[in-house]
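**Q** Have a look; sequence and predicted model below, questions after that.
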Amino acid sequence: MIDERGQTTIDFAIGTSVFLVTVAFVVAFVPGLFQPFADGPQQELAGVDRVADTIVYDLLDDGDGGSTPDRRCTIALFNDTTTDTGCNFDDSDPLAEQVGLSTGHHANVTVVGGDPDGGTPNPACSDGTRIEVSDTDDCTSGFALDAGEPLPSGGASVIGRRVAHVDGTTVTVVVRMW
Amino acid sequence: MRAQAHTLEAVAASIVILASVVFALQVTAVTPLSASTASQHIENQQQASAAGVLDAARENGALDAAVRYWDETNGTFHGTAGAGYTTDPEVNRTALGRMLLDTFEARGVAFNVYFAYPTDTGTLVRERFIYRGEPSDNAATATTTVALYDDDPLYDANETTTNVTVNGSSTYDALIPPESSTGLYNAVRVEVVVWRM
């Protein structure tokens, strides 16, 4: 009879550990499946659309409701001075306030043009009266059309794009939020 | 024997748990192209970009030039045998094509452009202007409408106006037929379909 019983305790230990290892694996593995969808800036996904529309169609609007921003207002939004220009925003406010973001949300706007060679887009620059797309990767004269807080070096951000026609040039307005 | 039975039971239970995880993975096919808030966001952005290009094209006249970029003699768009432009050099012929390439090509986004007009029976006929392939399921569309008047001139291959008007042309009705006799020739709906390649 003793021979037939075998190694009772060790068998039981093996069985239990096989089961426990499987359960532990599943518990550790399943949350990883959903992590790409649970993480990330979900609020900003919805917000960046609104901010991009606000900038192109409201703040910089030239009155016709299309994506054809007013040249003067575009320069006023992105230059460093705070003189009031009669546009649809208060030039002395930071960008986050101009687009109505609450504390804890950060935004950055850059205006770029297409690169005819198909490379990375070149920045749009202004000398204070005209707007044109630079031929190089930075502005040789004048200032680049960007506003808002500088991008953090790490962490996820969300990008929204609008194509607009300002001062005879077709540009892409890139909005980043984080 | 009871201990060995427990071992087998444990293995069987593990298999059941693993099988249910595998089943759950198989019934929910999550691929990079699955619909999610992220891909919806991308479609929104592409749609908004395409609408912006159409607005810009209307503003700088590229839209008019594209709709009336017509080779009166051959009865086709300039430099094509028909059925629209496909290659990069062909698309680059028109200002609208150049704007779309500048905006979308570097980002790996493909686009088609159609001209659509309503017929007497109310159906919409679509003509291909730029055709870069079959759109994917995740394509986004932006449209705008252009009014064509009888005395609007056609454009030559260099996108300058000619003396031939849309109503005076003998071949333009192959692209868009006249809809009324009141001075308004027809209303053309310009559709831009964009999708990620």
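**A** Thanks, I have it. Just so it is clear, the model here is predicted, and its values are computed rather than measured.

**Q** Any idea which helix or strand in chain A has the lowest mean pLDDT?
**A** Least confident helix or strand, chain A: helix A:2-5 with a mean of 59, by mean pLDDT, DSSP states H and E.

**Q** Past it, which element shows up next along the chain?
**A** helix A:8-38 (DSSP states H and E).

**Q** If you count neighbours, what's buried in the longest strand anywhere in chain B?
**A** When chain B is parsed with DSSP state E, its longest strand is strand B:184-196. The neighbour-count check on strand B:184-196 (16 or more other Cβ atoms under 10 Å in any protein chain shown) flags B:185, B:186, B:188, B:190, B:191, B:192, B:193, B:194, B:195, B:196 as buried. Where C-beta positions appear, they are placed from N, C-alpha and C, glycine not excepted.

**Q** want to try a markdown table for the residues you listed, with distance to chain A and pLDDT as columns?
**A** As requested, these are exported to a markdown table (distance: Cβ to the nearest Cβ, whole Å; pLDDT from 0 to 100):
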| residue | distance to chain A | pLDDT |
| --- | --- | --- |
| B:185 | 23 | 88 |
| B:186 | 22 | 88 |
| B:188 | 18 | 91 |
| B:190 | 14 | 94 |
| B:191 | 16 | 94 |
| B:192 | 11 | 94 |
| B:193 | 16 | 94 |
| B:194 | 11 | 93 |
| B:195 | 15 | 91 |
| B:196 | 13 | 85 |
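
**Q** Could you single out the nearest of the residues you listed to residue B:121?
**A** residue B:186 (14.7 Å; Cβ to Cβ).

**Q** was I right about the closest one contacting residue B:176?
**A** Yes. Counting by Cβ atoms under 8 Å, residue B:176 is a contact partner of residue B:186 at 5.3 Å.

**Q** Quick check: neighbours shared by the two?
**A** Shared contacts of residue B:186 and residue B:176, defined by Cβ atoms under 8 Å, 6 or more residues apart in numbering or on different chains, are found at B:117, B:148.

**Q** Could you list the domains of chain A?
**A** A:2-38, A:42-177 (automatic domain parsing).

**Q** Give me the helices and strands touching whatever helix or strand residue A:53 lives in, please.
**A** Residue A:53 is part of helix A:42-53, with elements assigned from DSSP H and E. Counting contacts by 3 or more Cβ pairs under 8 Å, 6 or more residues apart in numbering or on different chains; DSSP states H and E, helix A:42-53 packs against strand A:158-166, strand A:169-177, helix B:37-60.

**Q** quick one: the first one to chain centroid distance?
**A** Just to be clear, that refers to strand A:158-166. In terms of Cα atoms, centre = their mean, to the nearest Å, the centre of strand A:158-166 is set 12 Å apart from its chain centre.
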